[in-house]
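Asks: Model the structure of this input:
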Amino acid sequence: MEISYRFNGDQVEVLMGAKVMFADESIIEESSDSIVLYHLDFISKENFDRFTSSKLKDIEVPTPLEITYEEPSIDEDIPSIDMVRLRLDKDVSRACFESVFSYFAWAEVFSPSVFVERFCDIISESRSPIAAWYGDVNYDLEGWVDGIPQITLNTSLNLQDDLLISDQLLEMKTCYLKCYESTLKTLRKEYQNSFLLKTFKFPKEYQNICSQYLIWFGEFLENFGINALISVNHEGDETQVVISSEHTEKMFHEIEALFSQYIALPYAEFLPAPTQSLSVEQRVMITTLQSQVNHFKSQLEMKIAFIELKMQQFNHYRTRLTCKKTNYC
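Replies: Numbering: from 1, shown residues only. Okay, the predicted model is just below:
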């Protein structure tokens with residue numbers, strides 16, 4: 001039976017034949033080319049299933065309509081498709097999945113941005129009819145969305161007229177999950193020798209100089225005969241220390257212990273004396289590193305003094321400018 005929809009005040013009524021199947025409030029949006037788009041936001045699963053159990057050719061589309069359905073979680077190990085959108089139009093109708101990845105909840109060594117970029121690459125290189133793209137970190141007027149940095153992955157499919165919409169959505173979901181798992185598998189293999197050592201939150205003005213000190217940890221390890229690549233990633237206001245090495249898990253535990261010693265060096269003078277005596281090589285190494293730390297501290301103090309000097313000059317010029325404006329100088 002043919003499905004149509006009509007507008008009754010601020011509501012959109014979806015009809016099957018002459019009978020109203022369901023009605024919901026509509027949000028009206030006018031685009032730059034004066035095309036009016038009606039929205040049905042977050043309809044119930046029951047109404048969404050009833051609507052998508054039809055074929056596109058059986059739906060009368062008087063004006064563009066976008067239907068939004070909030071998708072429940074698919075699997076504990078796979079992030080949910082957070083939202084499903086149907087964009088009905090006389091020319092091209094589309095289905096779109098939206099998945100939001102939180103940087104704080106992300107548990108992989110590689111970042112969410114690396115994941116969604118690779119996901120889109122895999123989709124584009126395949127023969128899949130699905131298109132994929134992603135949005136930059138979402139910001140609101142106050143900063144991050146709800147204080148949390150996020151990145152949004154979108155996938156879309158042009159709907160065919162003679163197939164059930166629900167079947168096309170199921171095929172789209174299957175393709176999405178297949179690509180999701182393939183992307184995870186590929187990246188995990190690439191990063192299999194990487195290990196997230198530690199995450200820090202530095203004040204923004206000290207983030208770069210503290211990151212440089214963390215990178216020097218690679219030189220610290222060389223003194224113990226350990227060759228490892230140390231990298232520092234900035235995710236939102238967090239600084240992640242990632243180590244890439246072919247060493248065993250036992251060696252990673254030793255590296256963790258050495259890292260704890262390394263980050264304690266800047267304030268080693270305030271820590272209790274070690275209970276075990278150090279070898280000559282260890283004393284030389286620690287003395288060398290402490291001198292590097294002192295140099296690091298002096299650089300920091302010089303930068304702070306330079307900023308204070310510039311602020312003093314700025315205040316002086318501002319006072320002179322105020323005097324000239326008020327003719328009191």
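Asks: What about Ser93, how many residues nearby?
Replies: Per other CB atoms under 10 Å, the neighbour tally for Ser93 reads 20. All C-beta atoms are positioned from the backbone trio N, CA, C, and that covers glycine.
Asks: Correction: the previous question concerned Ile81.
Replies: Other residues near Ile81 come to 24 when the count uses other CB under 10 Å.
Asks: Can you tell me the SS state at Tyr5?
Replies: Classification of Tyr5 by DSSP: H, G, I helix; E, B strand; the rest coil places it in strand.
Asks: and Val116, what pLDDT?
Replies: Note for Val116: predicted pLDDT of 91.
Asks: residues in contact with it?
Replies: Phe101, Tyr134, Ile151, Leu153 (CB atoms under 8 Å, 6 or more residues apart in numbering).
Asks: Ok, Glu256 next?
Replies: Leu197.
Asks: and if we set it to 10 Å?
Replies: By CB atoms under 10 Å, 6 or more residues apart in numbering, the residues touching Glu256 are Phe195, Leu197, Lys198, Ile243.
Asks: top of the residues you listed by neighbour count?
Replies: Result: Ile243 is most packed of these (other CB under 10 Å), 24 neighbours.
Asks: ok, it touching Phe195?
Replies: Yes: between Ile243 and Phe195 there is a contact at 5.1 Å, judged by CB atoms under 10 Å.
Asks: Would you mind listing the residues touching both of those two?
Replies: By CB under 10 Å, 6+ apart, the residues touching both Ile243 and Phe195 are Val109, Ala228, Phe252, Ile255, Glu256.
Asks: Emit the ChimeraX select command for whichever of these are buried.
Replies: To isolate the buried members of the shared contacts of Ile243 and Phe195 in ChimeraX, using 16 or more other CB atoms under 10 Å:
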select :109,228,255
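Asks: Quickly name whichever of the shared contacts of Ile243 and Phe195 is closest to Tyr180.
Replies: Distances from Tyr180 to the shared contacts of Ile243 and Phe195, taken as CB to CB, are shortest for Val109 (17.1 Å).
Asks: Okay, strands next: where are they in the stretch 51-200 of the chain?
Replies: Secondary structure of the stretch 51-200 of the chain by DSSP state E, counting those that start in this stretch: the strands cover 65-70, 83-88, 94-102, 131-135, 139-140, 143-144, 150-158, 194-200.
Asks: how about those strands in JSON lines, adding distance to Val232 and mean pLDDT?
Replies: Below are those laid out as JSON lines (distance: least, CB to CB, whole Å; pLDDT from 0 to 100):
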{"stretch": "strand 65-70", "distance to Val232": "37", "mean pLDDT": "83"}
{"stretch": "strand 83-88", "distance to Val232": "34", "mean pLDDT": "89"}
{"stretch": "strand 94-102", "distance to Val232": "21", "mean pLDDT": "89"}
{"stretch": "strand 131-135", "distance to Val232": "24", "mean pLDDT": "87"}
{"stretch": "strand 139-140", "distance to Val232": "23", "mean pLDDT": "43"}
{"stretch": "strand 143-144", "distance to Val232": "21", "mean pLDDT": "40"}
{"stretch": "strand 150-158", "distance to Val232": "20", "mean pLDDT": "90"}
{"stretch": "strand 194-200", "distance to Val232": "9", "mean pLDDT": "75"}
